[in-house]
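Participant: need a 3D model of the sequence below.
(chains A and B)
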There are 2 protein chains.
Amino acid sequence: MTTIYHQVGIKAALRDVYNAIATTDGVSGWWTTTRGNPEHGGDLEFLFDDISVVAKVTANDPDRYIEWTVGGEQGEWLNTRICFRLVEQDDQVMVNFQHADWRAATDMLGHCSTKWAVFLLSLKDYLETGSGRPYPDDIHINHTVFN
Amino acid sequence: MTTIYHQVGIKAALRDVYNAIATTDGVSGWWTTTRGNPEHGGDLEFLFDDISVVAKVTANDPDRYIEWTVGGEQGEWLNTRICFRLVEQDDQVMVNFQHADWRAATDMLGHCSTKWAVFLLSLKDYLETGSGRPYPDDIHINHTVFN
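Facilitator: As a prediction, this is how the structure comes out:
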């Protein structure tokens, strides 16, 4: 199994960082349009133009930890876990991110790792400036359709 | 062992992408001020304000693959390998990046993973626009001194 790791530090209230990850409006503001039930056990859908990612909320510990486990027909993402651990530290909130349990370290994993960094910086901007860059306004990291 | 993976796709000639990674002037344009001998077996030094990272060039296959193995007193970076594999694909050059052989998946690894994404996007801008954002003009990902 292989895991993507990231960390960003955000100047915002812990509760605001939590809400940006634990509500559909929040996630829609920095990753992509999101709908469904963000409570523990709920089903979420993350919408892109050509595909949607479906996931179950497999952990939701307020102000501390959120985990989504990917289902549906997601190819390499199937059964991977997307995890956010929040820690107040040095007058900011550290978001310790993992996208865990990839079956293989493919080029696609490298692509998604860079893309997660882009979206976590979008989360940071969303909370610190009021404006993120969710899909399809995200920073492009290559020149393919899937960029 | 744990590895950081990234991928960016760059619209530039393969030789230009290679030179941006395989020369000290190149690396200075997107990561940080770099000096030393970038040939296979050479020693490189990457300079930051308070520390410098020293590494040996453990592979240099023109237009294909470059690898630096970290030495010195680098704490968690000691004996890790920083690897760039170049592939022409879809009318661009894919840079498949790894920072391999971390002994543990610490929060520091997450920090460095996000930071590598920032610098690889700086590499992309350096080649596509003529201007990267090397240290200390890089994008900050938190609010500590080490940002």
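
Participant: next one: residue A:47 from chain B, what distance?
Facilitator: 24 Å (C-beta to the nearest C-beta, to the nearest Å). Heads up, the C-betas are built off the backbone N, CA and C, glycines and all.

Participant: contacting residues for the residue nearest to that residue when sequence neighbours are not counted?
Facilitator: In space, and not counting its chain neighbours, residue A:47 is closest to residue A:33: 4.5 Å by C-beta to C-beta, 6 or more residues apart in numbering or on different chains. When contacts are counted by C-beta atoms under 8 Å, 6 or more residues apart in numbering or on different chains, residue A:33 is found next to A:46, A:47, A:134, A:135.

Participant: before we move on, what SS does the third one have?
Facilitator: I take that to be residue A:134. Secondary structure state of residue A:134, per DSSP: H, G, I helix; E, B strand; the rest coil, is coil.

Participant: so what's the residue count around it?
Facilitator: 19 (other C-beta atoms under 10 Å in any protein chain shown).

Participant: please report the distance of it from residue A:28.
Facilitator: Going from residue A:134 to residue A:28 by C-beta to C-beta, to the nearest Å gives 6 Å.

Participant: does residue A:19 touch residue A:26 like I think?
Facilitator: Yes - using C-beta atoms under 8 Å, residue A:19 is in contact with residue A:26, at 5.3 Å.

Participant: those two: which is more packed in?
Facilitator: residue A:26 (21 against 18).

Participant: quick check: closest non-adjacent residue to that one.
Facilitator: Per C-beta to C-beta, 6+ apart, closest to residue A:26 is residue A:20, 3.9 Å.

Participant: picking that back up, next one, pLDDT for the residue nearest to residue A:47 please.
Facilitator: Model confidence at residue A:33, given as pLDDT, is 98.

Participant: how much space separates it from residue A:137?
Facilitator: When distance is defined by C-beta to C-beta, residue A:33 is 12 Å away from residue A:137.
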